[in-house]
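Novice: pasting the sequence and the predicted coordinates here, then a few questions.
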Amino acid sequence: MNFSFEIFPPKTDKGFEKLCSDGGVLDQLNELNPAYISVTYGAGGTGIGRNMAVLKKIAESKRSLPVTHYTCINNSVEGVREEFNTFLENGISHVLALRGDIPRGQPDTGGAFQHSSELVRFLKNEYGSRIHIAVAGLPEGHIESSDFHKDIRFLKMKQDEGAERIITQLCWDMEQFKRWYDTIRHEGITMPVDIGVMPVLDPAVTIRMALSNNGCAIPADLARIISRHWLRPHVFNPEEDQETMELRLRDFRDEGMAYTIRQCREYKKLGPAGIHLYVLNKADVARKILREV
Ligand code: FAD
């Protein structure tokens, strides 16, 4: 089983420096020998930002494989072609092909493709074996989907169009994950699966990632960790001082990391191709998880 990491392009020069300078986060992640490092693209409705600049740094390092996320949002055929020609010119030939989240107030993707399967088909027709395509798998079903099995049929469609790998959405509900995993195999989906794991480091981020777009369940044991270290404002003590708050956050992180490590060990038993850590640009988190798992 391999490990891979997902990072996001920093918005500020300082963040970029921290990630990409000599000895920075990227170098530290490379020391852990990931199978690949993927870079998000406009996630959470933000701009594409420095996606390409970060990918180039990964490619130049020659120490890990750069994978770009890519979405259909507001991308025309010409735009997709132009961006992929640039990706390929810069040694980036692996993509996680996504639809993207439809921006609020917009009726559709606003681009040439409405679903990731259409993007996969286009990329395969256009670039053939020059491009390697991964797609998203959603163990709890997509938030817009009314039917778990229909979602899986669309996943199969992506395989038929030429996708080669699945990277999954975070899923803290282990039983649900197993149900999904068994069902996709039963439905003839043979693509290797990299299980997406979001380290539990901050209560607000944990809740937001589960509920803002994804509709993911927060199981009771994780909910209890959040409750035990509930941060701000503390309902019964709104005046709590900064030091106590920091102690609470530290305690939350310790328990959250232990939870994440337990989860990775459970996932490992299922024999997936890999675990894909959303490392949130934190090399120490990745290091600790790899050491323990
Ligand atoms: P699709 O496969 O197009 O599915 C979307 C919905 O349409 C589903 O309900 C599906 O059942 C349905 N559907 C699919 N095909 C068809 C069809 N042919 N006809 C009718 N209905 C269909 N977003 C970003 O903006 N940037 C990122 O960097 C990013 N990174 C991500 C990384 C991972 C690992 C994951 C899991 C998600 C990521 N996302 C990112 C979020 C992703 O863009 C959203 O989850 C998005 O809402 C759905 O993308 P999709 O590729 O699964 O869409």
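Specialist: Yep, that arrived.
Novice: for the longest helix seen in the chain, packing partners?
Specialist: Longest helix in the chain by number of residues (criterion: DSSP state H): helix 242-269. Helix 242-269 is packed against helix 174-186, strand 193-197, helix 220-228, strand 274-278, helix 283-292, with contacts defined by 3 or more CB pairs under 8 Å, 6 or more residues apart in numbering; DSSP states H and E. Placement of C-beta: from N, CA and C, glycine included.
Novice: buried stuff in the last one?
Specialist: Within helix 283-292, the residues scored as buried using 16 or more other CB atoms under 10 Å are A283, V285, A286, I289, L290.
Novice: picking that back up, and the longest helix of the chain, what's buried?
Specialist: 248-249, 252-253, 255-257, 259-261, 263-264, 267.
Novice: sort those by pLDDT and name the bottom one.
Specialist: The pLDDT minimum for the buried residues of helix 242-269 sits at R248, where the score is 84.
Novice: that one against S227, yeah?
Specialist: No - R248 lies out of contact with S227 (CB atoms under 8 Å); the separation is 11.7 Å.
Novice: using the three-state scheme, assign L29.
Specialist: At L29 the chain is in helix, as set by DSSP: H, G, I helix; E, B strand; the rest coil.
Novice: contacts only, for it.
Specialist: F5, I7, I37, S64, V279, A283, A286 (CB atoms under 8 Å, 6 or more residues apart in numbering).
Novice: if we go to 10 Å?
Specialist: By CB atoms under 10 Å, 6 or more residues apart in numbering, L29 lies in contact with 5, 7, 19, 37, 58, 61, 63-64, 277, 279, 281-283, 286-287.
Novice: again, but for V80
Specialist: V80 neighbours (CB under 10 Å, 6+ apart): Y70, C72, G111, A112, F113, L119, F122, L123, E126.
Novice: can you give me the pLDDT of the residue located most distally from the centre of the chain?
Specialist: Largest separation from the mean C-alpha position in the chain: E239, at 36.3 Å (CA atoms, centre = their mean). Per-residue pLDDT puts E239 at 74.
Novice: cool, and the one 5 residues further on?
Specialist: Predicted confidence (pLDDT) for T244: 80.
Novice: and it, how far is that from the ligand?
Specialist: Going from T244 to the ligand by CB to the nearest ligand atom, to the nearest Å gives 36 Å.
Novice: kindly report the same for V205.
Specialist: Distance from V205 to the ligand, by CB to the nearest ligand atom: 15 Å.
Novice: next one: G24
Specialist: Counting by CB to the nearest ligand atom, the gap from G24 to the ligand is 21 Å.
Novice: hang on, that residue packs against I7?
Specialist: No - counting by CB atoms under 10 Å, I7 is not a contact partner of G24; they are 11.3 Å apart.
Novice: those two: who's more crowded?
Specialist: Between G24 and I7, counting by other CB atoms under 10 Å, I7 is the more crowded of the two (23 against 16).
Novice: excluding chain neighbours, what is closest to that one?
Specialist: N281 (5.2 Å; CB to CB, 6 or more residues apart in numbering).
Novice: wait, H149 sits on E187?
Specialist: Yes - the criterion here is CB under 10 Å, and H149 meets it with E187 at 8.0 Å.
Novice: between those two, tell me which one has more neighbours.
Specialist: E187 (13 against 10).
Novice: identify the residues contacting the residue lying closest to K18 once chain neighbours are set aside.
Specialist: Residue nearest to K18 in three dimensions, not counting chain neighbours: G24, with 5.7 Å by CB to CB, 6+ apart. G24 sits next to F16, E17, K18, K57, N281, A283 when contact means CB under 10 Å, 6+ apart.
Novice: show me these that map onto helices.
Specialist: F16, E17, K18, K57, A283.
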